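**Q** quick one: sequence and predicted model below, then my questions.
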Amino acid sequence: ILNVEQSPQSLHVQEGDSTNFTCSFPSSNFYALHWYRWETAKSPEALFVMTLNGDEKKKGRISATLNTKEGYSYLYIKGSQPEDSATYLCASSNAGNNRKLIWGLGTSLAVNP
Amino acid sequence: GAGVSQSPSNKVTEKGKDVELRCDPISGHTALYWYRQSLGQGLEFLIYFQGNSAPDKSGLPSDRFSAERTGGSVSTLTIQRTQQEDSAVYLCASSLGLAGFKDTQYFGPGTRLTVL
């Protein structure tokens, strides 16, 4: 069974704080790692798709790193804003599972103004 | 441009009834995915369509579930003889289909299904 674990489950920060959370995934036969943001009452929105070990991607105040050898990815948010409040999902694709995405339960972020 | 749309947004049905959920993908996207999220669970893969290839149905939880994609565009997910455990948010996503599961997936707003 392939599991994707995300931590923490939830996080409350103050506006302006920087924060980060973790996605752990099976490292064997790694294919791709996806990060999505899911705001309440909206559709999940893609943030990053990462495939290479050591890859680092950035989108505004949000960045992500990838370690495929040890099976983890970090998502960082610099200077959190209330509009960053959402659930952040990661999903792993591994060749051993026909490359279908296996999703974590997400990290729920609440940014207090 | 228009994103992925799904209908209905909410569906309440009685146990044993059949339901159909519809997904309109982004125009030009050859790949289409169905997922569901049950309460307290992560997104669960159901089925994947890619172009004219046979769909990957490996995630369908039982033979009560089926899906079609007509003309390479609109897809319907049908659940026959609904059970209470089918209650979930059903999400559809589409992608360009150029890189398989490395593609960015674009999600619709989901259909919330409640089986009484």
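**A** Looks like it came in fine. Residues are numbered from 1 along each chain as shown, chains lettered A, B, ... in the order given.

**Q** C-alpha from now on. contacts and neighbour counts both.
**A** OK.

**Q** residues contacting residue B:84?
**A** B:15, B:114, B:115, B:116 (C-alpha atoms under 8 Å, 6 or more residues apart in numbering or on different chains).

**Q** same for the lowest-mean-pLDDT helix or strand in chain A, what does it pack against?
**A** One helix or strand of chain A scores below all others by mean pLDDT, DSSP states H and E: strand A:101-103, with a mean of 92. Using 3 or more C-alpha pairs under 8 Å, 6 or more residues apart in numbering or on different chains; DSSP states H and E as the contact test, the elements touching strand A:101-103 are strand A:86-94, strand B:44-50.

**Q** does chain B have contacts with the first one?
**A** Yes - among the residues of strand A:86-94, residue A:93 lie within reach of chain B under C-alpha under 8 Å from any C-alpha of the partner chain.

**Q** helices and strands around that strand, which ones?
**A** Applying 3+ C-alpha pairs under 8 Å, 6+ apart, one finds that strand A:86-94 makes contact with strand A:30-38, strand A:101-103, strand A:107-112.

**Q** need the pLDDT of residue 26.
**A** Using chain A here. We have a pLDDT of 92 for residue A:26.

**Q** that's the wrong chain, I wanted chain B
**A** Looking at residue B:26, its pLDDT stands at 95.

**Q** cool, and residue B:92?
**A** pLDDT, residue B:92: 97.

**Q** got a list of what it touches?
**A** Neighbours of residue B:92 in contact, by C-alpha under 8 Å, 6+ apart: B:4, B:6, B:23, B:32, B:33, B:34, B:35, B:107, B:108, B:110.
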